[in-house]
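1. predicted model and sequence below, questions to follow.
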Amino acid sequence: MGSYAVQLAHALGGIVTGVASTAKLELVRSLGAQHVIDYTLQDLDAEGVDYDLVIDLGGRNSIRTLRRVLAPTGTLVIVGGEDGGRITGGIGRQLRAVLLSPFISQRLATFISTEHHSFIERLATHLTNGTVVPAIDRTVDLAEVPDAIRDLEAGRVRGKTSSGDRPDR
């Protein structure tokens, strides 16, 4: 998701700051991020920059931290869920953000993917003209999928890992 978000924001004219681990910084730059933050070495709010839009895909930062980097009328979009809670499942942060949003000048929102032909057509246009490309770390045979999943869980994958027929064979 992050690799597509960076590329789409860049293609639409945004000045993009990507947040990634040390091993993935060059990938994020290559996808169009003009600035990068290494979350293993630096806090998100260390540089004192105010962003108009923050899209949080990783769930690493609290709403408080994300609000600190937002401009006074900026927008935070929390995408996806986190580890499940007993009552809220994996959407606790999203619920807190939506409940807080009416009482502050910043807009806090959530995004849950929906399928609609217009979204797919716009993405297809970007894929066709090359402004968005899938970031593939490697292709593995079916027998290698368990190892690939362990690498993904350990954060050793840059981009996506696909299975199936290997193009080099």
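-> Right, received. Where do you want to start? Here the structure is a predicted model, which is why all the values come from computation and not from measurement.

2. what is the neighbour count of residue 72?
-> 8 (other Cβ atoms under 10 Å). C-beta here means a position set from N, CA and C on the backbone, and glycine is covered the same way.

3. can you check residue 145 too?
-> Using other Cβ under 10 Å, residue 145 has 12 neighbouring residues.

4. mind checking what secondary structure it has?
-> helix (DSSP: H, G, I helix; E, B strand; the rest coil).

5. heads up, I number from 29, so please use that
-> Sure thing, new numbering starts at 29, so read that last one as residue 173.

6. need the next SSE after the longest strand along the chain, C-terminal direction.
-> Counting by DSSP state E, the longest strand found in the chain is strand 98-107. Scanning forward in sequence from strand 98-107 by DSSP states H and E, the next helix or strand is helix 120-128.

7. in the following helix or strand past that following helix, what's buried?
-> Once helix 120-128 ends, the next helix or strand along the chain (criterion: DSSP H and E) is strand 135-139. By neighbour count on 16 or more other Cβ atoms under 10 Å, the buried set for strand 135-139 is 136, 138.

8. my read: residue 139 touches residue 103, true?
-> No. Counting by Cβ atoms under 8 Å, no contact exists between residue 139 and residue 103, whose distance comes to 10.9 Å.

9. strands paired with the longest strand of the chain, and their directions?
-> Applying DSSP bridges, strand 98-107 is found paired with strand 79-84 (parallel), strand 135-139 (parallel).

10. looking at these, which one has the lowest mean pLDDT?
-> Of all the strands paired with strand 98-107, the minimum mean pLDDT falls on strand 135-139 (a mean of 90).

11. what residues does that one touch?
-> With contact meaning Cβ atoms under 8 Å, 6 or more residues apart in numbering, strand 135-139 is reached by 83, 91, 95, 101-107, 119, 122, 125-126, 128-129.

12. closest to residue 167 among the residues you listed?
-> residue 107 (26.3 Å; Cβ to Cβ).

13. hmm, back to that, in the longest strand of the chain, what counts as buried?
-> By neighbour count on 16+ other Cβ under 10 Å, the buried set for strand 98-107 is 98, 102, 103, 104, 105, 106, 107.

14. now do stretch 42-61
-> Neighbour counts over stretch 42-61 (16+ other Cβ under 10 Å) mark 42, 44-48, 52-53, 55-57, 59-61 as buried.
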